[in-house]
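K.L.:
need a 3D model of the following:
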Amino acid sequence: MRRVETDSSPGKVNRISAMSNHHRRIVVHRLLLALSFGSLSVAAAEDARSIPVGQRQLFLDDDAIAKIEHLQRTLHQPEKRGAVIRSVNPSQTIQTRTAPIWESAAKHYNIQLVTSRDLVHWQRVAERAPFLEASPLGAGAYDTQTIIGPSAPVVRGDELWFYYTGVRHRHYGFVASGYDDYYPDKGAVCPAVLRRDGFVSLDAGEEPGTLLTKPFVLAGKTLHVNVDAKAGELGVTVLDGDGQTVAEPVTGDQACAVLRWKSGDLANVKGKTVNLGLSLRKAQLYSFWSE
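P.N.:
Model (predicted):
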């Protein structure tokens, strides 16, 4: 740790006073995090969760979270890319098949997210906010009235591609001629693209936010994070019963950042029960995992 000099004798510049408010906040924040995470004890091994190597931990629910402060959960919608498969017969529609949700106020269908860890108990995400919703009339799109959702996304590099059906009619009628959105064919299969793991992020602004995970057995040799920290940074500390392993700060927009260590060695805690202490400033965290 670098020592900060505070020589205030005549002709000298007080190093702390000369430090910008921005950097001072970062230093104080990191000191508080070190004190906070350092005072935590790791749960007994029998209480630890088992997370397989390569299984990404998302934030659609609180299953992996023990404590969270000053972080906002944000639902992200995929970006639509237009039609890719159209029927050769205008009177027919090529469809994917899952059940959309009828939005009575807007009078069209949309797609919402729910999660389950056991396929018995289900939890809605973001209080029923639409994950994929119909385009407005006048957008020149196929999905102006009805969306039939995808079954599963296709992983393409660091993106998820959702192929859904956009239909130009509701259950009681089609968009009539005379509208800008009128076409003789009824619908098409359309892609919508999302950042991998990008369903929900935990966001921090200028005020730093912190997250403590529930205890789990560290099965992998490396730790990875999916984070957008172009304007800020992410800090990660691995807590076990014997001490801390502190990562170098992560910056930039990285869908698969491998953590590097400035103190401690992750190999020393492999197979042990650990918690992760994560700190964010002006950043969005999507997931973490080990490999």
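
K.L.:
CA only for contacts and neighbour counts going forward, please
P.N.:
OK.

K.L.:
from the rest of the structure, what touches the one helix or strand Trp161 maps to?
P.N.:
Assigned by DSSP states H and E, Trp161 belongs to strand 159-167. Strand 159-167 has contacts (Cα atoms under 8 Å, 6 or more residues apart in numbering) with 93-96, 142-150, 152-155, 186-196.

K.L.:
now list the buried members of those.
P.N.:
By neighbour count, with 16 or more other Cα atoms under 10 Å, the contacts of strand 159-167 hold 93-96, 142-150, 153, 186-196 as buried.

K.L.:
so where's this structure shaky on pLDDT?
P.N.:
The model of the chain has pLDDT under 70 over residues 1-46, 87-102, 106-107, 169-185.

K.L.:
where is the longest strand in it?
P.N.:
Scanning the chain for the strand with the most residues, using DSSP state E, yields strand 223-240.

K.L.:
from Thr210, how far off is the spatially closest residue to His76 that is not a sequence neighbour?
P.N.:
Spatial nearest neighbour of His76, excluding adjacent residues (Cα to Cα, 6 or more residues apart in numbering): Phe199 at 5.4 Å. Separation of Phe199 from Thr210 (Cα to Cα, to the nearest Å): 20 Å.

K.L.:
quick one: Ala267 is in a strand?
P.N.:
No: counting by DSSP: H, G, I helix; E, B strand; the rest coil, Ala267 is not part of a strand but helix.

K.L.:
these two touch, right, it and Ala219?
P.N.:
No: using Cα atoms under 8 Å, Ala267 is not in contact with Ala219; the gap is 10.4 Å.

K.L.:
any idea how far Arg168 is from Ser50?
P.N.:
For Ser50, the distance to Arg168 - Cα to Cα - is 46 Å.

K.L.:
how about stretch 51-62: buried residues?
P.N.:
Along stretch 51-62, these residues count as buried under the neighbour rule (16+ other Cα under 10 Å): 51, 56-61.

K.L.:
cool, and stretch 232-251?
P.N.:
Using 16+ other Cα under 10 Å as the test for burial, stretch 232-251 gives 232-240, 244-247, 249-251.

K.L.:
same question for stretch 224-233.
P.N.:
Neighbour counts over stretch 224-233 (16+ other Cα under 10 Å) mark 224-229, 232-233 as buried.

K.L.:
and what of stretch 195-206?
P.N.:
Judged by neighbour count (16+ other Cα under 10 Å), stretch 195-206 contains these buried residues: 195-205.

K.L.:
can you give me the end-to-end span of it?
P.N.:
Chord length of stretch 195-206, first to last residue, is 24 Å (Cα to Cα).

K.L.:
just list whatever residues bridge to Gln284.
P.N.:
With DSSP bridges as the criterion, Gln284 is bridged to Asp203, Asp228.

K.L.:
restricted to helices, list the buried residues of stretch 51-62.
P.N.:
Counting by DSSP state H, no part of the buried residues of stretch 51-62 is found in helices.

K.L.:
list the buried residues for stretch 123-143?
P.N.:
For stretch 123-143, a neighbour-count test (16+ other Cα under 10 Å) marks 125-126, 129-135, 137, 141-143 as buried.

K.L.:
can you put the residues you listed in a markdown table and add secondary structure and distance to Glu103?
P.N.:
Listed next are the buried residues of stretch 123-143 as a markdown table, based on DSSP: H, G, I helix; E, B strand; the rest coil; distance: Cα to Cα, whole Å:
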| residue | secondary structure | distance to Glu103 |
| --- | --- | --- |
| Val125 | coil | 16 |
| Ala126 | helix | 16 |
| Ala129 | coil | 11 |
| Pro130 | coil | 10 |
| Phe131 | coil | 13 |
| Leu132 | strand | 12 |
| Glu133 | strand | 10 |
| Ala134 | coil | 10 |
| Ser135 | coil | 13 |
| Leu137 | coil | 16 |
| Ala141 | coil | 19 |
| Tyr142 | coil | 18 |
| Asp143 | coil | 14 |
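
K.L.:
what is the nearest of the residues you listed to Ala283?
P.N.:
Ala126 (19.5 Å; Cα to Cα).

K.L.:
identify the residue nearest that closest one in space, chain neighbours excluded?
P.N.:
Residue nearest to Ala126 in three dimensions, not counting chain neighbours: Leu75, with 6.4 Å by Cα to Cα, 6+ apart.
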